[in-house]
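[1] sequence first, then the predicted structure, then my questions.
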Amino acid sequence: MSFLKDKLSIFQKTELQFLKKIQEADHVYTFIFKKEADLSWKAGQHGLFTITHKKLKDSIRPFTVASSPTEGVVKITTKVSDEQPSEFKKALLELEEGMTITMSGPVGSFYIKKNSPTLLMAGGIGITPFRAMVKQLVYEWHTDNQPVEILYLDSQNTHLFKEEFDHIGREIPIVIHYLDSRNDLYQKVDQFIATHKNNAQYFISGSKSMVESISTHLKKKDVSKQNINKDTFTGIE
């Protein structure tokens, strides 16, 4: 997607019909909406979602689309605190089948652009764009695809979508590591760099501190800035 087209796509608005929600883990929910025929996106992009069934002071939030366009639905996955959820997230929980919200976009350049060795590094809820990417890879996988490896760091050992990822790992030859410490993650990162160096693409998704820490580590290992793709989730540590 060109820079101009990406900027203009923010003005594209689509009304999405709510289908259902799924509780993935404690305080983590996936909200599922019907995909309209004329809506598409690159797996890993995000949209701006607007609550329309009630008036809110801050009615718009960005969310990664956690599904690929091949699935026929729009999924967003987010944490909802029991103690002090935002008015926006309270409104999400109030959605009932048939109600609607609005999505603007898609926007962003956080998606796989070429067939090269690819390392996907996620922390916590930052796994959502990689779920979409992997579902898209299942759909378009070829025997000449380059290796794809996922490093999924979750200090709570929750590891969202684990059953789904394990099933995908049996369908296509991607390697998935479930980790609970940054030391283990950096060890796996270094192993991947030693093998693929700057012939690979590196994607990082998670909290600001995690994204910047791993990005700095990659640069110290002489990974080119052009090969590093970052998606920062605000409001998580």
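    Looks like it came in fine.
[2] now the helices for this protein?
    3-8, 87-94, 128-140, 162-171, 182-196, 208-220 (DSSP state H).
[3] any idea which of those helices is most buried?
    helix 128-140 (a mean of 22; mean count of other Cβ atoms under 10 Å). Every C-beta, even on glycine, is put in place using the N, C-alpha and C of the backbone.
[4] which residues sit against that one?
    Residues external to helix 128-140 that are found in contact with it (Cβ atoms under 8 Å, 6 or more residues apart in numbering): 43-46, 64-71, 76-77, 110-112, 120, 122, 145, 148, 150, 152, 160-161, 164-165, 168, 171-172, 174, 203, 205, 231.
[5] the same query, at a cut-off of 6 Å, please.
    Identification of contacts with helix 128-140 by Cβ atoms under 6 Å, 6 or more residues apart in numbering yields 43-44, 64, 66-68, 70, 77, 110, 112, 120, 122, 161, 168, 171-172, 205, 231.
[6] give me the angle between that helix and helix 162-171.
    30 degrees (axes from the mean of the first three to the mean of the last three Cα atoms, to 10 degrees).
[7] hang on, the earlier thing: now the helices of the chain in TSV, with distance to H27 and mean pLDDT?
    Listed next are the helices of the chain as TSV, based on distance: least, Cβ to Cβ, whole Å; pLDDT from 0 to 100:
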stretch	distance to H27	mean pLDDT
helix 3-8	32	57
helix 87-94	10	96
helix 128-140	15	97
helix 162-171	17	95
helix 182-196	22	97
helix 208-220	19	97
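[8] quick one: residues contacting the residue lying closest to I76 once chain neighbours are set aside.
    Take I76 and drop its neighbours on the chain: the residue closest to it by Cβ to Cβ, 6 or more residues apart in numbering is F63, 4.1 Å away. Residues in contact with F63 (Cβ under 6 Å, 6+ apart) are H46, F49, I76.
[9] the same query, at a cut-off of 7 Å, please.
    Neighbouring residues of F63 by Cβ atoms under 7 Å, 6 or more residues apart in numbering: H46, G47, F49, I76, T78.
[10] report the two of the residues you listed separated the most.
    With Cβ to Cβ as the measure, no two of the contacts of F63 lie farther apart than G47 and T78, at 13.0 Å.
[11] who's more crowded, those two?
    G47 (27 against 22; other Cβ atoms under 10 Å).
[12] touching, the more buried one and V65? I think so.
    Yes - with contact defined as Cβ atoms under 7 Å, G47 reaches V65; the gap is 6.0 Å.
[13] low-confidence bits of this structure, can you list those?
    1-8, 235-237 (pLDDT under 70).
[14] can you show me the strands along it?
    13-25, 28-34, 46-51, 60-64, 73-79, 100-107, 118-123, 148-153, 175-179, 201-206, 228-232 (DSSP state E).
[15] enumerate the positions of the second one that are buried.
    For strand 28-34, the buried set under the neighbour-count rule, 16 or more other Cβ atoms under 10 Å, comprises V28, Y29, T30, F31, I32, F33.
[16] from the residues you listed, pick the one nearest F11.
    F33 (19.8 Å).
[17] ok, now how distant is that closest one from T14?
    In this view, F33 and T14 are 9 Å apart by Cβ to Cβ, to the nearest Å.
[18] for the residue lying farthest from the centre of the chain, grab phi and psi.
    Centroid-distance maximum for the chain: K55 at 27.9 Å, with Cα atoms, centre = their mean. Per-residue torsions, K55: phi -80, psi 130 (degrees, to the nearest 10).
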